[in-house]
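Predicted model follows, preceded by the sequence.
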There are 4 protein chains.
Amino acid sequence: MAIHFFEPGVYYSTMGPHEPVLHIQSGDSVVTSTIDARGADRNLQEVGSRPNPMTGPFYIQEARPGDTLAIRFDQITPSRDSGWTFNALDHQVIDAAAYKDMPPREILQWTIDRHAGTVGLSNPLPGLGHLQRKMAPFLGCFGVAPARKETITTATSAEHGGNMDYRKFTAQSTVYLPVHEPGALFFLGDGHASQGDGEIVGTGIETSMTVQFTATVIPGRTIGWPRGEDEAYIFAIGNAKPLELAVKHATTEMLKWLQQDYGLDEVSASTLLGQHVEYEIGNIFNPAYTMVCKLSKAILSGIQI
Amino acid sequence: MAIHFFEPGVYYSTMGPHEPVLHIQSGDSVVTSTIDARGADRNLQEVGSRPNPMTGPFYIQEARPGDTLAIRFDQITPSRDSGWTFNALDHQVIDAAAYKDMPPREILQWTIDRHAGTVGLSNPLPGLGHLQRKMAPFLGCFGVAPARKETITTATSAEHGGNMDYRKFTAQSTVYLPVHEPGALFFLGDGHASQGDGEIVGTGIETSMTVQFTATVIPGRTIGWPRGEDEAYIFAIGNAKPLELAVKHATTEMLKWLQQDYGLDEVSASTLLGQHVEYEIGNIFNPAYTMVCKLSKAILSGIQI
Amino acid sequence: MAIHFFEPGVYYSTMGPHEPVLHIQSGDSVVTSTIDARGADRNLQEVGSRPNPMTGPFYIQEARPGDTLAIRFDQITPSRDSGWTFNALDHQVIDAAAYKDMPPREILQWTIDRHAGTVGLSNPLPGLGHLQRKMAPFLGCFGVAPARKETITTATSAEHGGNMDYRKFTAQSTVYLPVHEPGALFFLGDGHASQGDGEIVGTGIETSMTVQFTATVIPGRTIGWPRGEDEAYIFAIGNAKPLELAVKHATTEMLKWLQQDYGLDEVSASTLLGQHVEYEIGNIFNPAYTMVCKLSKAILSGIQI
Amino acid sequence: MAIHFFEPGVYYSTMGPHEPVLHIQSGDSVVTSTIDARGADRNLQEVGSRPNPMTGPFYIQEARPGDTLAIRFDQITPSRDSGWTFNALDHQVIDAAAYKDMPPREILQWTIDRHAGTVGLSNPLPGLGHLQRKMAPFLGCFGVAPARKETITTATSAEHGGNMDYRKFTAQSTVYLPVHEPGALFFLGDGHASQGDGEIVGTGIETSMTVQFTATVIPGRTIGWPRGEDEAYIFAIGNAKPLELAVKHATTEMLKWLQQDYGLDEVSASTLLGQHVEYEIGNIFNPAYTMVCKLSKAILSGIQI
């Protein structure tokens, strides 16, 4: 249960069977740093390149294809005092006529007050002022080496994780990822100080982060899509286009979860979901959209296993 | 500001320019009853026919095309002690292989305890028991006569409302509907005692209801899609297939709302939404899917109008 | 087997249970005229209004719900010397960045030479000149009163036909439509002098037409979606959004056709289609897209019934 | 302009920066063999593994990122006397209810008569007999190393080509591919003796092939998506899900082609396409669908460059 302090020197814009930067053991924690979506580090030095340069990969000794890798995000904290967003709704979320009215895509600067735990526009916008809000930092992109010996750009997402931009992956949440390569090869990056649902302007507040995570291998457990949990929910994730297909993947993964771990048959699982399912959009901007299928732990605690 | 007590004698399975059942004035309230999606009333007598037989239409004297009709749901209460759901996830939310495993569609009976305010399975299911939960009654289907002289089945939804199955339209919520015909012609029905997101088994807990609503005409105000509000949120609704198109309609309607009522330009509105938007799926089962684009009133209260 | 000469005096922009303009018998032919998509007749007088004002409905005496109505287009001929198109690709067929470059939607005028059987741009365009081509006149919109007592705008299409804009419905082709109302109530209009696949600029060359058609009722034969045939093909049509759903409806209707009329089981029908199916896009512009699933009659003639 | 005879010893199920199997020069031809989608060679020995094991990659000396690689298929001939297909329509092309009726997926054997140039079912099916037809051999999967250092499974397709299953890529056709890596790294395989549109049973008649192709580098010419031509048409290809997005990519690529090589502006290009475009579905089965946007060379010959 060691804690490793790791300062990255190389950043990948793909997830694949790259040379590991560090070997750790199941149960170990890592404190490391991530750079922003365009490669700027805590000193605003451009040390990586788009899209979404990743810290890692980390090789977890016990992980074998067919296992599951659990990553608990212990801490996710901005490592600098600024971030940025795009300034306009993406064409994927508005009607074509409205898109013609959108201004050209430009960058807006945000100021991060780490002491107060807030973010706000560096320059006020009409009607919004500085739009001060609480930070809610999370990682937009993380995952493992994909199946089928693929090497996949960090612009997108699939069964292995990737650029999901789901804003509930804050500190204290856990993600479960299917292991496809020996050592799993965990990558992380693309920190957002905060974001609404769907990443509909194409970004969260993009910034560099200090991250602590703990990696645990669950041997012999096989999952199909990323799963996760936080204090209040378990959830399953589908990454695909169109959105319906992401819904299908996420719901099917949740269905299997309920069958395998909670012993429910199709009718019971359907009935539980029919009454209690919640959906959230991770992103509707990236090449693959992310849909999250959630169930409250309070509800599940009433299920007789 | 009269209160009308209206007992329906006819039920429509379309929304269109049908003969009004009652004329009321803007500001009036109506206490009435609705029957369930298959036409069964409070006594389980089949008095209407599928799909979603509607109470109404109500003619609101002041309403003219181009106005907006605000309907506040004052009370929505089950009028009998039983409801029903389907028993299996619909093919639209699960992968094709999982769908092949689903059992044939059958009806599950639910018991409604109006005194305790709970619902539960009439017969226990393995692992779930009676799956007792709190009621959260809402109307799945309501709307006005459509534009373009169309008469549209209550199986589906569009700009005029219809079968949206959005579970947050509980008592104390308000819906805003675009008026297309003189008198607006408001229809309502398809009560659900409770439901999860998306109506993914194809039903909520379908039952008959006693409903009180208050109708108010907002003259000269034109909207494109249904809007709504409850204590905590304002929201805009898109009804379309595929889900992306519903997202576009809902987000564009919210964008216009922020521009018109809150004086935000494209960049300010985009930035606010980029940080604070929330999405919910009304249904992903009906011929048109329903996506809801939401903004917290707490956030909006900080906007300088 | 009478021939009726009918000059319309009223035009509907919806298909529904409207008052018939003429009662005919199965086997009768009708010679009539249609006006263009914006309502201009052969004299360029605006006598109807958008969208797609229809001639009809024609009541075919023998037609009962559950029957099929066969309409053979005997002749479709432009009735004036001009037509018009839009000037730019619609946002639904090009990437968003390309759409931002598109000019504002304007009208281009075309000259129809009925003697030569050609159409050409009235004013030359750079690189194209007058883009002379052979006429290939067809009707973009026709159908019957819909099921479920709906009244549906002629902007769109569904099981009842409607605005399909499939360019192979030229003279000598036959369409089969499901009868939902007594008399079927056949509507027709929206003539195009010619068009490419998909109506991707949002129009064909829109003009008024003289049309002769022959209506035949096929009693007791029930179909789900429009079907058709011409000299070389039989085809089934799906009208829906997204395009995949239109593919599903069209292919399923063809599958049923092969099962019912050609006695093929699932494996044989699948195998035949797997080797010989052809797809064409009717339109990818209207609220519902149209996909056509085709089989060559030469291939079918080899099937042992 | 050498001709290389190359017998493969390794087969990749991904396209990426793999070690080249042969270096050739622009203008050279290669005669080689491909194995079928499951890895069976001309002797039915399983020498590769699913999905779609590829011959190659071939390194074309002059090819640099930003160039275009033209591959002319000189000959594509089955190298054995048997092939196979699946036996049932895929769930992606039929309505869910019809899919529930489909039999379990099984393999059907086909006999290839290379002398007669025909294929037929090895065992007759009810109503079809042996369904004899002419061979129309093509390659379902080919492409180059992708952009962004990705390594992509041959199950799917993207800008680099891949598993497009477009049945018009027969002998005498030419494909144009965007070069992303030095040498381009051309892969090929997945031969089909014949197939209908869309690969709707999930396969063509899968078999091993003898292929001759000629590779030519077009330096300094940059394209976004695969393009192609045969005797009668030029065409542009979009690979994506949903089908609408594939339509957009293909049409946009054709638009750019018309602008760059034919000097047409947006209005002229739109008008030409609006009258003369044709669409074909390559596949609607794979993880990315393939849509083809075509223009007749006869039409283009009338354009004034």
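Received, thanks.

Can stretch A:176-194 be said to contact chain B?
Yes. Stretch A:176-194 lies within reach of chain B by C-beta under 8 Å from any C-beta of the partner chain, at residue A:194. (Each C-beta comes from the backbone N, C-alpha and C, glycine too.)

For that stretch, what is the distance to the chain centroid?
Put simply, stretch A:176-194 sits 8 Å off its chain's centre (C-alpha atoms, centre = their mean, to the nearest Å).

for stretch A:132-145, same thing?
Centroid separation for stretch A:132-145 versus its chain: 6 Å, with C-alpha atoms, centre = their mean.

same question, stretch A:226-235
Relative to the chain's own centre, stretch A:226-235 is displaced by 12 Å; criterion: C-alpha atoms, centre = their mean.

now stretch A:133-146
In terms of C-alpha atoms, centre = their mean, the centre of stretch A:133-146 is found 4 Å from the chain centre.

Whether that stretch contacts chain D - can you check?
No. Against chain D, stretch A:133-146 shows no contacts by C-beta under 8 Å from any C-beta, the least distance being 8.8 Å.

buried set for that stretch?
For stretch A:133-146, burial by neighbour count (16 or more other C-beta atoms under 10 Å in any protein chain shown) applies to A:133, A:135-146.

Looking at those, which are in strands?
Of the buried residues of stretch A:133-146, the ones assigned to strands by DSSP state E are A:133, A:138, A:139, A:140, A:141, A:142, A:143.

In CSV, could you pull the C-alpha coordinates for stretch A:292-305?
Taking Å, rounded to 0.1, in the frame of the first residue of the first chain, the C-alpha atoms of stretch A:292-305 are listed here in CSV:
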residue,chain,number,x,y,z
VAL,A,292,-24.4,7.5,-17.6
CYS,A,293,-27.0,5.2,-16.1
LYS,A,294,-27.3,5.6,-12.4
LEU,A,295,-29.0,3.9,-9.4
SER,A,296,-29.1,5.4,-5.9
LYS,A,297,-27.3,3.4,-3.2
ALA,A,298,-30.1,4.1,-0.9
ILE,A,299,-32.5,2.3,-3.2
LEU,A,300,-30.0,-0.6,-3.7
SER,A,301,-29.6,-1.0,0.1
GLY,A,302,-33.2,-2.2,0.2
ILE,A,303,-32.6,-5.0,-2.3
GLN,A,304,-32.3,-8.4,-0.8
ILE,A,305,-29.2,-10.0,-2.1
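
got the buried residues for that stretch?
Across stretch A:292-305, burial judged by 16+ other C-beta under 10 Å covers A:292, A:293, A:294, A:295, A:299, A:300, A:303.

Contacts for that stretch, please.
Where contact means C-beta atoms under 8 Å, 6 or more residues apart in numbering or on different chains, the residues beyond stretch A:292-305 that reach it are A:166, A:168, A:229, A:231-238, A:247, A:250-251, A:253-254, A:258, A:261-264, A:272-273, A:276-282, B:127-129, B:131.

can you tell me the residue of the stretch 151-300 of chain A closest to chain D?
residue A:151 (3.9 Å; C-beta to the nearest C-beta).

Quick check: pLDDT value at that residue.
With respect to pLDDT, residue A:151 has a value of 98.

go on, residue A:303?
Note on residue A:303: pLDDT of 78.

The nearest residue to residue A:239 once chain neighbours are set aside and chain B, how far apart?
Residue nearest to residue A:239 in three dimensions, not counting chain neighbours: residue A:157, with 3.8 Å by C-beta to C-beta, 6 or more residues apart in numbering or on different chains. Note on residue A:157: its distance to chain B, by C-beta to the nearest C-beta, to the nearest Å, is 17 Å.

Neighbours of residue A:157, how many?
32 (other C-beta atoms under 10 Å in any protein chain shown).

And the one 4 residues further on, by the same measure?
Each residue near residue A:161 was counted by other C-beta under 10 Å, and the total is 28.

One more: residue A:9?
8.

That one and residue B:292, how far apart?
46 Å (C-beta to C-beta, to the nearest Å).

Please apply the same query to residue A:270.
Noted for residue A:270: a distance of 23 Å to residue B:292, by C-beta to C-beta.

interface residues of the stretch 151-300 of chain A facing chain B?
Applying C-beta under 8 Å from any C-beta, we find that the stretch 151-300 of chain A lies next to chain B at A:194-201, A:203, A:205, A:242-244, A:247-249, A:251-252, A:255, A:262-281, A:284.

6 Å - rerun?
With C-beta under 6 Å from any C-beta of the partner chain as the criterion, the stretch 151-300 of chain A comes near chain B at residues A:196-197, A:200-201, A:242-244, A:247-248, A:251-252, A:263-264, A:266-268, A:270, A:274-279, A:281.

Save the buried residues of stretch A:133-146 as JSON lines, and put in pLDDT too.
Listed next are those as JSON lines, based on pLDDT from 0 to 100:
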{"residue": "A:133", "pLDDT": "96"}
{"residue": "A:135", "pLDDT": "98"}
{"residue": "A:136", "pLDDT": "98"}
{"residue": "A:137", "pLDDT": "98"}
{"residue": "A:138", "pLDDT": "98"}
{"residue": "A:139", "pLDDT": "98"}
{"residue": "A:140", "pLDDT": "98"}
{"residue": "A:141", "pLDDT": "98"}
{"residue": "A:142", "pLDDT": "98"}
{"residue": "A:143", "pLDDT": "98"}
{"residue": "A:144", "pLDDT": "98"}
{"residue": "A:145", "pLDDT": "98"}
{"residue": "A:146", "pLDDT": "98"}
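
Tell me the one of those residues nearest chain B?
For the buried residues of stretch A:133-146, the closest approach to chain B (C-beta to the nearest C-beta) belongs to residue A:133, at 6.2 Å.

Return the residues in contact with the closest one.
Residues in contact with residue A:133 (C-beta atoms under 6 Å, 6 or more residues apart in numbering or on different chains) are residue A:119.

Then residue A:162?
Residue A:162 sits next to A:143, A:156 when contact means C-beta under 6 Å, 6+ apart.

and with 10 Å instead?
By C-beta atoms under 10 Å, 6 or more residues apart in numbering or on different chains, the contact set of residue A:162 is A:14-15, A:52, A:54, A:140-144, A:146, A:152-156, A:187, A:190, A:226, A:239, A:286-288, A:290.

now it, which residues is it bridged with?
Residue A:162 forms beta bridges with residue A:142, residue A:157, as assigned by DSSP bridges.

What residues of the helix or strand bottoming out on mean pLDDT in chain A count as buried?
Each helix and strand of chain A was given a mean pLDDT (mean pLDDT, DSSP states H and E); the minimum falls on helix A:96-100 at a mean of 93. Within helix A:96-100, the residues scored as buried using 16+ other C-beta under 10 Å are A:98, A:99.

following that helix, which helix or strand comes up?
Per DSSP states H and E, the first helix or strand lying C-terminal to helix A:96-100 is strand A:107-113.

Share the number of residues neighbouring the residue nearest to residue A:111 when sequence neighbours are not counted, please.
What sits nearest to residue A:111 in space, not counting adjacent residues and going by C-beta to C-beta, 6+ apart, is residue A:122, at 4.8 Å. By other C-beta under 10 Å, 15 other residues sit near residue A:122.
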